[in-house]
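> this one's sequence-less:
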């Protein structure tokens, strides 16, 4: 039977690799950064810019948020998240697990699932592996994530082991329910083989793909165990969960260094919820292919811009008459046109255009960084690119500090 | 000597007329609706959309707001409001008078000018005809407005007469200072004759134009007096101030019906701060050529959309699963793509994209309405257009009420 996605390595430089991920709706070059569209919109940035200027081929949608509002009935009645939101390229949906464990007051965690209260109106709600798969089928995303439990970053070994064992049982239940839903045509994003995007020798099934999630916090041995269990169940791709949740940076890099090379070579590796541009480059170095993070848009709303010489905050008074763009090395439509002085004025004047422009630039910067990462891997000089990229950022940021008097 | 602007009537249908207004920076077909860019940005709508999709040729900037923040020094040091904001088409700046009288705690009104406290930080500030002209020269707008006093809509005859006499003396002082500033090259938007936009037989001076303002509230006789005084001083165009400030609609239409036809035939007539789509059509009927209003963007932020069948509020639960666009008769990029259900979801979820999309549609609807107005005047069937346009809105709105149970 044809597969729902196809992923092929196109170049390798150390552990870093480039590839082409083909889904029924788009062709994605990896390593890829996926903008986060929590509630069916990438905050403050119209799809037109993501499509035409940034050429984003995949974005995220959040099961937890969309489950609570507008609700599955509405989205299903309007034909799924693609039709509802008008985003016609690939979608990856998370399982809702992470949000339930981080955003809400937990009511009760059982083997069956999680009962919790909505952060919007306090309503009692229930999520389980099966329900998460049903919601994600109604959303019709190209890539579905298993429903997992995410232990706190600093959880002890016993708590973490218990958690990853539960995650493994939930992964199996997720997969079973997922398969049933695919068989019974509950996936609103289904495309017949003939209408799925062309390119590549093999036809795709037109169905959703399912990714497993490796947990285990900062405990190397537990990570190995979780990986084994997850691979044994078998998925279309493998994600690393439970990093960047409060632990030290060095722990994240250690786990990645240990884990990524042991993950299946011929499936995409997805590091969930990470991170800064530096994190992305460090994770690619260790063999990761896919990323998502709210930082570009969240920081955009607080006036913080990522640049090739480090992070700057537009509120800084030194930008009041600065006629240069956010990043002189960036060629996005914001940097081609607007000055720091103008954007700072918008921010000070509480104009939403400030958040719109900085979020746009930040996303463009993240996507452009991944493009440069891919180019350098293909050219075999990723190591040099990485050194250079990280140096410029750390030099810029230390210089910035010394002039902030 | 060449003139700063040129305006020619191209067609007439009753009192309604179309024309071409040529400034040093763009060619504007009238009747025209000018989007309001209070703080150097049209709230929530990137210039790219105004330029490319809506083809807006002129927007407003607010002297009062820009004077307080970022301040004249910053804008002058960055080359004026065009360079600062990157809006390279025409700008009209108001004088700051209206805001001083409506937004702030007045400290003291004297013959010299107005002392007031900033609404941002309480700083003591002073505006006068001369200072307003200096600020508008630093901003470098194509069209400068005289500094006027705007009496409350329901002011009695004595108060209104006193006010319009002051306005006339201030208009004269405005003009004198304006001329000095033009002579001494203080206009940051100056363009040499050769670089000003082409088209039309006559060369333009490359300087700013100055519009006078007719006051007089709802008192017909005082309107006539104010008009005479203003025309006697002599301006490049004439505005009607002090309407839509709390008086009855019928009063506004009466004043317009009386006043507009008596205004100079060969200069553009600008109705300040008005109004709804219906108001615009009614004012064109009475001979008005130019409009500005914050309604499209202000209503956009509260979920209210203007459509060809009347105003709707996207919060209404009946739109929860409505797959139709805001206005089925609108061809803007928002209506071509997004459903009411999706935009309602964005609004309910407090996503800024809701305000972005509704503001965009509203502006597109206003500009498109003016385009249809111009077409029908040229074709000689403006009366029919008007009847039809107003009927559809009032029918739509009464139907809407009857289904709101």
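That came through, no problem. Please read these numbers as outputs of a predicted model, since none were measured by experiment.
> What count of nearby residues applies to the residue in the stretch 51-200 of chain A positioned nearest to chain B?
Closest to chain B within the stretch 51-200 of chain A is residue A:70: 4.5 Å, counting by Cβ to the nearest Cβ. From N, CA and C alone the C-beta is placed, and that goes for glycine too. Residue A:70 has 24 neighbours, counted by other Cβ atoms under 10 Å in any protein chain shown.
> swap in residue A:131?
The burial count for residue A:131: 20, using other Cβ under 10 Å.
> just to revisit the earlier point, which secondary structure element contains the residue nearest to the residue of the stretch 51-200 of chain A closest to chain B when sequence neighbours are not counted?
Distances taken as Cβ to Cβ, 6 or more residues apart in numbering or on different chains place residue B:345 nearest to residue A:70, at 4.5 Å, with adjacent residues excluded. If you go by DSSP states H and E, residue B:345 is part of helix B:340-348.
> Could you point out the helix or strand that follows that helix?
helix B:352-379.
> if I pick whichever residue of the stretch 151-300 of chain A sits closest to chain B, what's in contact with it?
In the stretch 151-300 of chain A, the residue found nearest to chain B is residue A:297; the distance is 10.3 Å by Cβ to the nearest Cβ. Shown in contact with residue A:297 (Cβ atoms under 8 Å, 6 or more residues apart in numbering or on different chains): A:35, A:36, A:42, A:43, A:44, A:45, A:359, A:362, A:363.
> Three-state assignment for the residue lying closest to the fourth one once chain neighbours are set aside, please.
In this structure, residue A:43 finds its nearest non-sequential neighbour in residue A:297, 4.4 Å apart by Cβ to Cβ, 6+ apart. Applying DSSP: H, G, I helix; E, B strand; the rest coil to residue A:297 yields a three-state assignment of helix.
> And residue A:281, by the same measure?
Residue A:281 is classified as helix under three-state DSSP.
> how close does it get to residue A:45?
23 Å (Cβ to Cβ, to the nearest Å).
> And those two? Which one has more around it.
Using other Cβ under 10 Å as the criterion, residue A:281 and residue A:45 rank with residue A:45 on top: 29 against 23.
> Flag every buried residue along stretch A:5-18.
Within stretch A:5-18, the residues scored as buried using 16 or more other Cβ atoms under 10 Å in any protein chain shown are A:5, A:6, A:7, A:11, A:12, A:13, A:16, A:17, A:18.
> contacting residues for the fourth one?
With contact taken as Cβ under 8 Å, 6+ apart, residue A:11 is in contact with A:17, A:18, A:377, A:378, A:380.
> So which bits of the stretch 201-350 of chain A are right by chain B?
Contact residues (Cβ under 8 Å from any Cβ of the partner chain) of the stretch 201-350 of chain A with chain B: A:320-321, A:323, A:333, A:337-339, A:341-342, A:344-346, A:348-349.
> Please repeat the previous calculation with a cut-off of 6 Å.
A:321, A:323, A:337, A:341, A:342, A:345, A:346, A:349 (Cβ under 6 Å from any Cβ of the partner chain).
> Now the residue nearest to the spatial centre of chain A. Nearest residue, chain neighbours left out?
Centroid-nearest residue in chain A, with Cα atoms, centre = their mean: residue A:292, separated by 1.9 Å. Spatial nearest neighbour of residue A:292, chain neighbours left out: residue A:34 (4.3 Å); criterion: Cβ to Cβ, 6+ apart.
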